[in-house]
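Student: Show me how the following folds:
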Amino acid sequence: MEEKCSYRTDDCINKVNIVEHEGTELKFDAFASYTNAWLEKVINHNNNPKTKYKKEQFSFVDCMCSSGLYYNKKTSKFVDGTVIRVMKIFIKLANKYPMYDFYLYFNDYDKQYYSCLQCLKRNLLKNKPINLSVEITMLDKNDFIYQLSINDLFKRRTNKSLVIYDPYDVDFDWNHLSKLLKFDSDFIFTHFLQNDFKRAVHTVKDKTKIAKYEQSYQMGFDELSEKFDKFIGELNERENAIYRSELLRDLFTELIHKYSNKKYSCYCPVFNSKAPVYDIVCLSNSSVALGVLKNAMYKLYKNKKADKVKKSKPEQLTLFVDEKTDVGIRNANVSEFEFHYNKVEILKKFKSIFKGKTVTKVEMEKILNEDPYLPSTGIFKDIIMPNWPYETPSQTGGFYKFKEDD
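Tutor: So this is what the prediction gives:
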């Protein structure tokens, strides 16, 4: 018999998961922002006359979604997790598009969290749209993947799905994940970049941890350690941090493409204060899906940092400038935070691609969507036009025209 509880009361505090760092809440924002934009885009894609297979079902899967509701001890407030935010998005769009069917699949192996998810379902879906189905399970993640793999919904050409795989650490069993990655779905992963592992790989002695790293990166630990030490003596500590982060990212990217045969991927780092904690990784056969993630993360970090620089002048380009750290440094003392979200660095990358070029709007969108780092919305007004003016399609008769010089 399910335990009765009072939703969002003190009774929940010792039952729900705890927010450990600021990156967790930003991850929830990112997942929700991405899901909302993704769902609108794939639905609107049906309106494109060139769309060969029209979609009739839209589904969302969270393989390990924890309690759905969280508690922040520092602020003494409840925090809506991915489940709550996605439920609200799907309720809204199920009501907006009654001609389609919507499906939500939430899973967690923890008995208490499973009870919390059932509580959320009771409280959030009192007036559930008839075209929305919500299934909550309490399965080991690999058993859950197997159940999905035999679910006829994910074999239909008329279904489009978004799958989130958000493990608590580096935990990727490719024997099971390969079944999931064959779906005609878009995927979001969290890929942890363990600082103790990156900094001191030789001190990792726990056999369980070693086995998990070997499984996740499909490489013996000795070989992985050897790769980590490749440039010892040639690179300084910060440069080695860059190399090791990129090594792990490259290994992970190679594996998700190997087991999925999907064309595009990109990553956006999430930070705890100044240090990168993990990457949010997007995998898809459409470059548009990558653009959705990059745009969502750019907007979130822009809003997050805006309060710190309210008095800064736009031309100072200080929106994302942050202190340097000894992890995640790219090069020339540019932190990973700056590399991805700093206006100066975004402008540099943009110039390196478009300097002296004339491109159509379609070409512009394609280049930006496929670029591994640059967002495609927001940067023109925020960054490009104020600092590197260009000619617009309305001025040139349909083209963006960029200067050869700075």
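Student: what residue ranges in this structure score low on pLDDT?
Tutor: 1-4, 51-52, 194-202, 273-274, 305-332, 406 (pLDDT under 70).
Student: And the residue nearest the centre of it?
Tutor: Per CA atoms, centre = their mean, the C-alpha nearest to the average position across the chain is that of I280, at 3.3 Å.
Student: So what sits opposite that residue in the bridge?
Tutor: Beta bridges link I280 to T190, C268 when assigned by DSSP bridges.
Student: residues contacting it?
Tutor: K27, A30, I188, F189, T190, Y267, C268, P269, V270, L293, M297 (CB atoms under 8 Å, 6 or more residues apart in numbering). To be clear about C-beta, it is placed using only N, CA and C from the backbone, and glycine gets the same treatment.
Student: Just give me the neighbour total for E223.
Tutor: 11 (other CB atoms under 10 Å).
Student: in what helix or strand does L347 lie?
Tutor: helix 343-354 (DSSP states H and E).
Student: mind checking how far that helix is from the chain centre?
Tutor: 22 Å (CA atoms, centre = their mean, to the nearest Å).
Student: Then stretch 218-226?
Tutor: 27 Å.
Student: How many neighbouring residues does C282 have?
Tutor: Neighbours of C282 using other CB under 10 Å come to 25.
Student: C5 too?
Tutor: Count around C5 with other CB under 10 Å applied: 17.
Student: just T377 next, same as before
Tutor: 17.
Student: Once you drop chain neighbours, what's closest to it?
Tutor: N295 (4.8 Å; CB to CB, 6 or more residues apart in numbering).
Student: ok, now how distant is F192 from N72?
Tutor: Noted for F192: a distance of 21 Å to N72, by CB to CB, to the nearest Å.
Student: Also F399?
Tutor: On the measure of CB to CB, F399 and N72 end up 49 Å apart.
Student: Tell me where the stretch 301-406 of the chain has strands.
Tutor: 329-331, 334-335, 358-360, 399-401 (DSSP state E, counting those that start in this stretch).
Student: Need the winner for burial among those strands.
Tutor: strand 334-335 (a mean of 21; mean count of other CB atoms under 10 Å).
Student: ok, N175 to H191 distance?
Tutor: 18 Å.
Student: no no, N240
Tutor: Counting by CB to CB - N240 and H191 are separated by 19 Å.
Student: sorry, back to before: just want the angle from the regular element (helix or strand) spanning the residue nearest to T377 to helix 343-354.
Tutor: Using DSSP H and E, N295 sits in helix 287-306. Using axes from the mean of the first three to the mean of the last three CA atoms, to 10 degrees, the inter-axis angle of helix 287-306 relative to helix 343-354 is 150 degrees.
Student: tell me which residues in helix 287-306 are buried?
Tutor: By neighbour count on 16 or more other CB atoms under 10 Å, the buried set for helix 287-306 is 287-302, 304-305.
Student: could you dump it to PDB, C-alpha only?
Tutor: Output in PDB follows, covering the C-alpha atoms of helix 287-306 (Å, rounded to 0.1, in the frame of the first residue of the first chain):
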ATOM      1  CA  SER A 287      21.700  19.500 -35.900                       C
ATOM      2  CA  VAL A 288      18.700  21.600 -34.800                       C
ATOM      3  CA  ALA A 289      18.600  19.500 -31.600                       C
ATOM      4  CA  LEU A 290      22.200  20.700 -30.800                       C
ATOM      5  CA  GLY A 291      21.200  24.300 -31.400                       C
ATOM      6  CA  VAL A 292      18.400  23.900 -29.000                       C
ATOM      7  CA  LEU A 293      20.700  22.800 -26.200                       C
ATOM      8  CA  LYS A 294      23.400  25.500 -26.900                       C
ATOM      9  CA  ASN A 295      20.800  28.200 -27.000                       C
ATOM     10  CA  ALA A 296      19.200  27.000 -23.700                       C
ATOM     11  CA  MET A 297      22.500  26.900 -21.900                       C
ATOM     12  CA  TYR A 298      23.700  30.300 -23.300                       C
ATOM     13  CA  LYS A 299      20.400  31.900 -22.100                       C
ATOM     14  CA  LEU A 300      20.600  30.200 -18.700                       C
ATOM     15  CA  TYR A 301      24.100  31.300 -18.000                       C
ATOM     16  CA  LYS A 302      23.400  34.800 -19.400                       C
ATOM     17  CA  ASN A 303      20.500  35.200 -17.000                       C
ATOM     18  CA  LYS A 304      22.500  33.700 -14.100                       C
ATOM     19  CA  LYS A 305      25.400  36.100 -14.500                       C
ATOM     20  CA  ALA A 306      23.500  39.200 -15.400                       C
END
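Student: Brilliant, that's me finished.
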